[in-house]
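Participant: Quick one, what's the 3D model for this:
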Amino acid sequence: MRIEFDTLKCAKILSSKGYSLRQAEALSSAIASMEIRNLFDKTEVNNMLADVVKNVLEECRREFDKQFSLTEKRVNSEIASLNARISTELAEARAGRRWVIGSIITVGIALAGYLSALIHFAH
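Facilitator: Numbering: from 1, shown residues only. Down below sits the predicted model:
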């Protein structure tokens, strides 16, 4: 396909910009005789399109993996924090249970001693 334009107007513009009339005419006729061709055929264009889509999908996948990794790390951190909190709460509950059992045993022994003394002095 040829470029179509006004060669006389182009030569006048070039000569007004400092080109000699002979250079301006030569340049405008050279431009007029140029042909534009498709640089790529249909299969090359289709392959380029497939490559671009593939690259975009790979970039999206990398971004998704990065975001998923950050989310996974955050969730794992929160789970570890919850596990530590649960362990602390269980330890406190066990300590409380031991204190209650110790108190019951102490009160029971004291009551047994008191009742034993009452029975001993009552007879």
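Participant: Can you spell out the domain ranges of this structure, please?
Facilitator: 1-37, 38-122 (automatic domain parsing).
Participant: Only the buried residues of the shortest one, if you could.
Facilitator: Buried residues in domain 1-37, counting neighbours by 16 or more other CB atoms under 10 Å, are found at 7, 10-11, 14-15, 19, 24-25, 28. C-betas here are computed from N, CA, C, even on glycine.
Participant: Next, F5: secondary structure please.
Facilitator: Here F5 is coil, with the state taken from DSSP: H, G, I helix; E, B strand; the rest coil.
Participant: Looking at the buried residues of domain 1-37, which are in helices?
Facilitator: Residues from the buried residues of domain 1-37 lying in helices, with DSSP state H as the criterion: 7, 10-11, 14-15, 24-25, 28.
Participant: now these in a markdown table, with distance to L49 and pLDDT?
Facilitator: Converted to a markdown table, these look like this (distance: CB to CB, whole Å; pLDDT from 0 to 100):
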| residue | distance to L49 | pLDDT |
| --- | --- | --- |
| T7 | 37 | 83 |
| C10 | 36 | 85 |
| A11 | 41 | 86 |
| L14 | 39 | 88 |
| S15 | 44 | 87 |
| A24 | 41 | 87 |
| E25 | 42 | 87 |
| S28 | 37 | 86 |
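Participant: ok, so of the residues you listed, who is nearest I104?
Facilitator: Comparing the ones in helices among the buried residues of domain 1-37 against I104 with CB to CB picks out C10 as the nearest, at 109.2 Å.
Participant: Disregarding residues adjacent in the polypeptide, which is nearest to the closest one?
Facilitator: Once flanking residues are discounted, C10 sits nearest to S28: 4.0 Å by CB to CB, 6 or more residues apart in numbering.
Participant: Look up how far D6 lies from that neighbour.
Facilitator: 9 Å (CB to CB, to the nearest Å).
Participant: From the chain's centroid, how far away is whichever strand or helix holds N55?
Facilitator: Taking DSSP states H and E as the criterion, N55 maps to helix 42-122. Relative to the chain's own centre, helix 42-122 is displaced by 25 Å; criterion: CA atoms, centre = their mean, to the nearest Å.
Participant: Just the mean pLDDT for that helix, thanks.
Facilitator: Across helix 42-122, the average pLDDT comes to 90.
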